[in-house]
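Q: Structure, please.
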Amino acid sequence: MISADTTPRPFSAFRESCDRATCSYSAGLPSAAALLLLSGLALIAGCSRPATGGPPHYPPPDVTTTQVEQKDVPIYGEWVANLDGYTNAQIQPQVSGYLIRQDYKEGSQVRKGQILYEIDPRPFQAALDQAKGQLAQAKAQLQLAQINTKRDSPLAEARAIARSQLDNDLQTQAADEATVRAQEAAVETAQLNLGWTKVRSLLDGIAGIAATQVGSLVKTDTVLTTVSQVQPIKVYFAISEQEYLALSKKAREGGAADLLHSSSRVPIELTLSNGALYPSKGYIVFVDREVNPSTGTIRVAAAFSNPQSLLRPGQYGKVRAQTSIEHGALLVPQRAVTELQGSYQVAVVDADNKVHIRPVEVGPQIDEGWVINSGLKPGEQVVIEGNGKLMDGIPVHPHPEQASANPPDAGQGNSGKPSASSSEGK
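A: From the prediction side, this is the model:
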């Protein structure tokens, strides 16, 4: 029997024995077989070496953080708005006839009483002349009746003529006086009709496009053009019934100014369709008397100064007004909040520079910030750059956000507000 040597030996002794065996065996083998044997032994020796490397090590990712701020913040309401003239007057003729002249330039400023159109005045001049002739005839008849009455009055007193003749004279005089008054009214009407052949503006404003051309036959129901007063101009917006009740409740409780009362003078901001903030602020002028049953909203109008006529009827924009103040609100930049399937979360960095993904309940948005109702504490550090590649519990290398050396102009941005700094520490 062959007994196996189980005494442990070092790897160098094992290699030396292998080398001796190889040398002794290779003496009787061809060179190719010797090489194959040596390769196998080298593979065995390599596999027997202990591993000295480890898994690769990656440095913690760089993130930009900012502190959760606690302060009193104003809460704003924002609504879609459309603009309309403070007063819009449809210009219609008060007499029928043919247009012979247009006396204004479309889209121009017009004054109250300025002539816009002229209607052929000849038929109305003829009617005036006829009325004046009839008035002269009626006055002549009245003079004759007055002469007869004056002559017959003493004769009737002396019983020289019958009393009935004087009564006829008095009745004729009264009828002629009524005829004179009627003819005077006819003359006045004819004069008015002749004056109405010159169609005038009813207010100061901007005249629109001519709806009827010269040479057309117009009637009293024909719209010739529209003049809109745009200084000031009205901005209409609709608020829901729920908003209306909430705003009224806050005003009664003293939590905010009464936005929906014209005497409160709460300033209204207007953002135009190009994102620019209109420089002048407006004020509520009226709230409609009823809630629209189809939309469940109530219409509100604000007036804005418009000295350069920049604002025109038909424009759209957004209006914003402060509705209340939230005291001690927690505020973070909107960049720190991530939305995922209707829920919101924030990446918080603790004292050990580890990230914790925390769900939060968000409130209203304030400029570039977001009010957090629950889920955060004042002073905590939240990630605002690099939070899209973070997982809960991993270490990070935080860089606090640096204030911008050159703050942006207040006129920039979608609503004229300064944008948040985007600098990031390295």
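
Q: what about the longest helix in this protein?
A: Here the longest helix in the chain is taken by residue count, with DSSP state H as the criterion, and it is helix 122-157.

Q: Pull out the buried positions in it.
A: Burial within helix 122-157, assessed by neighbour count using 16 or more other CB atoms under 10 Å, is assigned to 123-124, 127-128, 131-132, 134-135, 138, 141-142, 145, 148-149, 152, 156. To be clear about C-beta, it is placed using only N, CA and C from the backbone, and glycine gets the same treatment.

Q: packing partners for that helix?
A: Here helix 122-157 is seen to pack against helix 163-195 when contacts are counted using 3 or more CB pairs under 8 Å, 6 or more residues apart in numbering; DSSP states H and E.

Q: repeat that for 10 Å
A: strand 97-102, helix 163-195 (3 or more CB pairs under 10 Å, 6 or more residues apart in numbering; DSSP states H and E).

Q: looking at those, which is closest to Ala207?
A: Of all the helices and strands packed on helix 122-157, it is strand 97-102 that lies closest to Ala207, at 10.2 Å by CB to CB.

Q: between that closest one and helix 163-195, how big is the angle?
A: If you take axes from the mean of the first three to the mean of the last three CA atoms, to 10 degrees, strand 97-102 sits at 40 degrees to helix 163-195.

Q: mind starting the numbering at 889 from now?
A: New numbering, starting at 889: the last item is strand 985-990.

Q: what is the orientation angle of strand 985-990 with helix 1010-1045?
A: Going by the same axes, to 10 degrees, strand 985-990 makes 120 degrees with helix 1010-1045.

Q: What are the contacting residues of strand 985-990?
A: 981, 1003-1012, 1081, 1084-1087, 1098, 1100-1107, 1110, 1112-1113 (CB atoms under 10 Å, 6 or more residues apart in numbering).

Q: tell me which residues in that strand are buried?
A: 985, 987, 990.

Q: again with stretch 1106-1122
A: Within stretch 1106-1122, the residues that count as buried by 16+ other CB under 10 Å are 1106, 1112-1122.

Q: Widest-spaced pair of the residues you listed?
A: Set against one another by CB to CB, these have their most distant pair in Val1106 and Pro1120, with a gap of 31.9 Å.

Q: For the residue positioned nearest the centre of the chain, name its beta-bridge partners.
A: Compute the mean C-alpha point of the chain, and by CA atoms, centre = their mean the closest residue is Lys1206, 1.1 Å away. Note on Lys1206: beta-bridge partners Val968, Thr1159, judged by DSSP bridges.

Q: That one and Ser1161 touch, don't they?
A: Yes: the pair Lys1206 / Ser1161 is scored as a contact, 8.7 Å apart, by CB atoms under 10 Å.

Q: where does Ser1311 land on pLDDT?
A: pLDDT for Ser1311: 36.

Q: Could you list which residues are in contact with Leu1082?
A: 983, 1007, 1009-1016.

Q: With respect to Gln1222, which of those is nearest?
A: When those are compared for distance to Gln1222, the smallest value, 61.9 Å, is given by Ile1007; criterion: CB to CB.

Q: list the contacts for the closest one?
A: When contacts are counted by CB under 10 Å, 6+ apart, Ile1007 touches 981-989, 1081-1082, 1084-1087, 1105-1106.

Q: repeat for Asn1036
A: With contact set as CB under 10 Å, 6+ apart, Asn1036 has these partners: 1053-1054, 1056-1058, 1060-1061.

Q: between those residues, which is closest to Thr1226?
A: For the contacts of Asn1036, the nearest to Thr1226 is Gln1061 (99.2 Å; CB to CB).

Q: The closest one: what's its closest spatial neighbour, skipping adjacent residues?
A: Distance criterion CB to CB, 6 or more residues apart in numbering; nearest residue to Gln1061, sequence neighbours excluded, is Ala1033 at 3.8 Å.

Q: And that neighbour, how far from Pro1042?
A: For Ala1033, the distance to Pro1042 under the criterion CB to CB, to the nearest Å works out to 17 Å.

Q: Can you list the residue ranges for helices in the chain?
A: If DSSP H is used as the criterion, the helices of the chain fall at 899-914, 919-935, 1010-1045, 1051-1083, 1129-1141.

Q: Show me the one of the ones you listed that comes nearest Gln958.
A: Comparing the helices of the chain under CB to CB, the one sitting nearest is helix 1129-1141, at 22.0 Å.

Q: Pairing partners for the residue lying closest to Pro1247 once chain neighbours are set aside in the sheet, please.
A: Taking CB to CB, 6+ apart as the measure, Pro1247 lies nearest to Gln1233, with 5.1 Å between them; neighbours along the chain are not counted. On the basis of DSSP bridges, Gln1233 is bridged to Thr1226, Pro1247.

Q: contacting residues around Gln1233?
A: With CB under 10 Å, 6+ apart as the criterion, the residues that contact Gln1233 are 1224-1227, 1245-1248, 1263, 1275, 1280.
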